[in-house]
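Asks: please work out how this folds:
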Amino acid sequence: MLGMALAALDGTIVSTAVPQIVGDLGGFAVFSWLFSGYLLAVTVTLPVYGKLSDTLGRKPVLVAGIILFLIGSLLCATAWNMASLIAFRVVQGLGGGALQGTVQTIAADLYPLKERPKIQARLSTVWASSSVAGPAVGGFIAGYADWRWIFLINLPVGAVALWLVIRYLHEPHRARAAVTGTEAHARTRPAARARIDWAGALGVFATGALLLTALVQGGVAWPWLSAPSFAFLGCSAVLAALTVVIERRAAEPILPGWVWRRPTIAAVNLALGALGLLMVAPTVFLPTYAQSVLGLGPIAAGFVLSAMTLSWPVSAAFSNRVYNRIGFRLTAVIGISLATLVLLAFPLLPYPGHAWQPTLIMLLLGAALGLFQLPLIIGVQSTVGWSERGTATASILFCRLIGQSVGAALFGAVANSVLSARLANAPTPGLPQDVDGVAQALEDPASLGAGAADYLRRAMDTAVDHVFVGAAVAGALALLVLLLLAPRRFPVIPDAPADQQGP
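Replies: Residues are numbered from 1 along each chain as shown. Just a heads-up that it's a prediction; the model follows:
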């Protein structure tokens, strides 16, 4: 839980300290890479750490991840300019990838199927609480101390987590397993010498880095239809093809083909990729809506979003009572169906509305997604043995983060398109000339006049409505994937004693 808190907190704690960091180090034009660089490093290393944990064991990978994360944190606190801080954030992300994937896998190792919902719900609570508390903690530190303490506070927390893992996490000796035929049938064989596919790891890292750079920076640092976009996307496609060739020839591939050949895992990967895409709507655009349309302050806007993080873990904790009766797939189908309806309800909210209305929407959305995500994660982890669980878990998280990056680019383009059209056809004079000036203008609506400010608020309201409709479409795609690709009953491997389990 402490390791999970490190990764979750560091994803959001920097956001409210950006003005102080930029004021000290400069580099306003590239500060977004403080977040993008961290996300890139976490995403592209997830499959690598997943395979390493299956090959070398969970404990050494988790210990190495914590140490690397703490080294990155210490380096961030010593940064002398924006370029060095971005580079050190990437080092943090390299450790964060190990934390995210390995913690989820260890939870499945330590707890039998009946108890996994409880521990996964607790981990979800830690993640949600840390994510929500991050901006408040970062703002407090930036306001009352030096921003470098944002990174230094990781050191004592990480040190405790590291000591607990080294002292109390004991992995029993396990035999390696070979899966033959179907997901549910495995036979064990004596442990073999581990071979690490370093060429495949480098290929996955390079491909993911180029692809996510194109998605994160496209439409921001350069236009979508421009030479840099085509160059990054083209190079990522070439590297992806080369990585596939490398992986097919590798004895122990980082991204083995069975991840996509098995209907259960492939369907869950695609469904949770759609979840990452739809999550962009509430996490990225709802705070903007709450501040620009409803006129709430940053803290109040954060509370509107936090309603989702309250209901999600509670729903996830009780999901086992549902899927034990009706199965993993049907439980997830019910969850994503309800989530899609809730997302479609958002555009029906009145203008300008009241804060309790989007808060209720978020409360219901969290409850629905708790029924959707956790049964799929536990279901996949229960269909594989030990030596495949890290890879399977990492593939799920990898697909969700890829979906999140695609969603940020896609929905950002949708919102910008709506706002640009409204500005171009504005009947009211004195409005901003481009999209970049909308948020800044709404921070001081009195300078615009009542009519112009109301027009901008309505334009922002319409843009966010379109984004939520797009998120509902992503939910519908996830539903179709589950109905068409996922088996009615997941082929669960029965729990076995730790010293007799497969890989």
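
Asks: now the stretch 51-200 of the chain, which segments are flagged as low pLDDT?
Replies: Across the stretch 51-200 of the chain, the ranges flagged by pLDDT under 70 are 128-129, 131-136, 139, 142, 172-196.

Asks: just give the closest residue to Ala108, not the sequence neighbours.
Replies: What sits nearest to Ala108 in space, not counting adjacent residues and going by C-beta to C-beta, 6 or more residues apart in numbering, is Gln381, at 4.0 Å. Yep, even glycine has a C-beta here, placed from its N, CA and C like the rest.

Asks: now do the host helix or strand of Leu479: distance to the chain's middle.
Replies: For Leu479, the element it lies in under DSSP states H and E is helix 450-485. Here the centre of helix 450-485 is set off from its chain's centre by 19 Å, with C-alpha atoms, centre = their mean, to the nearest Å.

Asks: quick one: average pLDDT of that helix?
Replies: Averaging pLDDT along helix 450-485 yields 88.

Asks: go ahead and confirm the residue nearest to Ala108 touches Thr393.
Replies: Yes - assessed by C-beta atoms under 8 Å, Gln381 is found in contact with Thr393 at 6.2 Å.

Asks: what do these two both touch?
Replies: Common contact partners of Gln381 and Thr393 (C-beta atoms under 8 Å, 6 or more residues apart in numbering): 105, 108.

Asks: now do the strands in this structure.
Replies: Here the chain has its strands, by DSSP state E, at 176-179, 186-189.

Asks: about what we covered before: between Gln381 and Thr393, which one's more packed in?
Replies: Ranked by neighbour count (other C-beta atoms under 10 Å), Gln381 and Thr393 place Thr393 first, with 28 against 24.

Asks: list the contacts of that one.
Replies: For Thr393, counting by C-beta under 8 Å, 6+ apart, the contacting residues are 50, 101, 104-105, 108, 377, 380-381.

Asks: how far away is it from Pro358?
Replies: 33 Å (C-beta to C-beta, to the nearest Å).

Asks: number of residues surrounding the residue nearest to Tyr49 when sequence neighbours are not counted?
Replies: Among residues not flanking Tyr49 along the chain, Ala98 sits closest, at 4.6 Å (C-beta to C-beta, 6+ apart). By other C-beta under 10 Å, 31 other residues sit near Ala98.

Asks: ok, now the one 4 residues further on?
Replies: Thr102 sits with 30 neighbouring residues when counted by other C-beta under 10 Å.

Asks: what about the nearest residue to it once chain neighbours are set aside, how many residues nearby?
Replies: Nearest residue to Thr102, sequence neighbours excluded (C-beta to C-beta, 6+ apart): Leu62, at 4.5 Å. Neighbours of Leu62 under the rule other C-beta under 10 Å: 25.

Asks: and for Leu341?
Replies: Leu341: 14 neighbours (other C-beta under 10 Å).

Asks: ok, the spatially most central residue of the chain - contacts?
Replies: By C-alpha atoms, centre = their mean, the chain has its centre lying nearest to Leu401, at 4.5 Å. Leu401 makes contact with 39, 42-43, 46, 276, according to C-beta under 8 Å, 6+ apart.
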